[in-house]
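Output the structure for:
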Amino acid sequence: MVTPEQLKIRQAYPLDLKVELSLLRIRQWYKQYNGQVYVSFSGGKDSTVLLDLVRREYPEVPAVFVNTGQEYSEIIRFVKTIDNVIWLKPKMTFWEVVEKYGWPVVSKKIAMGISRYRNTKSPLQKELRLHGGINPTSGKKQARTIPQKYHYLVNAPFKVSERCCDILKKEPLKRYSGESGRKAFIGMMAEESQIRKLEYLKTGCNAYDAGYPASKPLMFWSESDIWQYMKESNLPYSDIYNKGETRTGCKYCMFGACQEKEPNRFQRMRERTPHQFKNFEMHGGCKVLDELNINYNKPMLLFR
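Numbering: from 1, shown residues only. Predicted coordinates:
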């Protein structure tokens, strides 16, 4: 267990001290599993720093990259420059997931709430999803309610689901871990979300007893630490970040898009890679953006 005060103290450490603490957690994880470990590598800046830290201690550790078919081309090119990378593919495509389960909209928490609302036949459970209250099944307060501003999405003319990431990314990695016996290093930070903060407070960096054991040695880092480390280490990274993108997940994912300032990710896509935007439009993506009131038409200048 880690207290909120301990997290704040660690987040305030200078970078050199954070590096030493992260290396300590890496060594502990490596020794716990006799070197049967791997780095979950997305090609983004966080996992790039994590891979560098792990290979400072253990150069032979493999990186594992899941090519969902939804990666930015800049990410694919960058991953190809890294040695000892194992490439995986999911069993379903993004479009198959969308058709069967639904679109990833707003956030994982809200998409999950909408999906649960639509798929329960219980009027009480529907009421709890919208307005909260005590869940008689658990005897606890309903934790995942849908904010009122998104209540209209329970009747949206398309399916909604949070399952995309689980199917396209997590399932292939869990399958690899089960088949190989290797345990993962994952590049997550507590500052990214309340859920990740709570995970850190519960287990610390190394979650040995979790259902899916994983080490997250960067949990007390910040985004500014990541950029500082790359600058000081002269560490190469994907040039997607030099083109205005701040996130490097699946290119058609809508999580967080409602909060983006313009030009948003879909405006940039329409401007830079019109063939990708056309594919998105052909699959009904623009109808979803219209429902979410996300602009994708406004002319913009390319980032240079």
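
Show me which positions of stretch 282-290 end up buried.
His283, Gly285, Cys286, Val288, Leu289 (16 or more other C-beta atoms under 10 Å). The way it works is simple: take the backbone N, C-alpha and C, and place the C-beta from them, glycine included.

Tell me where the stretch 101-250 of the chain has strands.
105-106, 134-135, 140-141, 183-185, 206-207, 214-215 (DSSP state E, counting those that start in this stretch).

returning to what we had before: so which of the buried residues of stretch 282-290 belong to strands?
Among the buried residues of stretch 282-290, no member falls in strands (criterion: DSSP state E).

And these, which is closest to Leu130?
Val288 (21.1 Å; C-beta to C-beta).

these two touch, right, the closest one and Lys159?
No - checked against C-beta atoms under 8 Å, the pair Val288 and Lys159 is beyond contact range at 9.9 Å.

Need the residues touching each of those two.
Both Val288 and Lys159 are contacted by Trp103, under the criterion C-beta atoms under 8 Å, 6 or more residues apart in numbering.

quick one on the thing from earlier: for the strands of the stretch 101-250 of the chain, could you give me a markdown table that also reports distance to Tyr58?
Formatted as a markdown table, those follow (distance: least, C-beta to C-beta, whole Å):
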| stretch | distance to Tyr58 |
| --- | --- |
| strand 105-106 | 39 |
| strand 134-135 | 45 |
| strand 140-141 | 42 |
| strand 183-185 | 10 |
| strand 206-207 | 15 |
| strand 214-215 | 12 |
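
Now render those strands as TSV, adding distance to Glu171, mean pLDDT and mean neighbour count.
What follows is these, written out as TSV (distance: least, C-beta to C-beta, whole Å; pLDDT from 0 to 100; neighbours: other C-beta atoms under 10 Å):
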stretch	distance to Glu171	mean pLDDT	mean neighbour count
strand 105-106	21	96	26
strand 134-135	28	83	12
strand 140-141	29	84	10
strand 183-185	13	98	23
strand 206-207	19	96	20
strand 214-215	15	98	25
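
Please list all residues in contact with the residue most central in space within the chain.
Centroid-nearest residue in the chain: Gly249, 6.7 Å away (criterion: C-alpha atoms, centre = their mean). Contact analysis of Gly249 by C-beta under 8 Å, 6+ apart lists Ser42, Gly44, Cys165, Phe255.

For Glu223, see how far away Leu168 is.
From Leu168 across to Glu223, the span is 24 Å (C-beta to C-beta, to the nearest Å).

These two: who's more crowded?
More crowded of Leu168 and Glu223, by other C-beta atoms under 10 Å: Leu168, with 26 against 13.

before we move on, back to that, which one, of the strands of the stretch 101-250 of the chain, ends up nearest to Arg55?
Of the strands of the stretch 101-250 of the chain, nearest to Arg55 by C-beta to C-beta is strand 183-185, at 10.6 Å.

Can you tell me the strand partners of that closest one and which way each runs?
strand 37-40 (parallel), strand 214-215 (parallel) (DSSP bridges).

Could you dump those into CSV and include distance to Lys261?
Formatted as CSV, the strands paired with strand 183-185 follow (distance: least, C-beta to C-beta, whole Å):
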stretch, distance to Lys261
strand 37-40, 30
strand 214-215, 33
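
what residues does the helix ranked longest in the chain touch?
Longest among the helix segments of the chain by residue count, using DSSP state H, is helix 15-32. Contact with helix 15-32 is made by 10, 13, 37, 53-54, 56-58, 61, 183, 185, 205-206, 208, 215, 217-218, 220-221, 225, 228-229, 232, as judged by C-beta under 8 Å, 6+ apart.

same thing but 6 Å
Val37, Leu53, Val54, Glu57, Tyr58, Cys205, Asn206, Ser215, Pro217, Trp221, Asp225, Gln228 (C-beta atoms under 6 Å, 6 or more residues apart in numbering).
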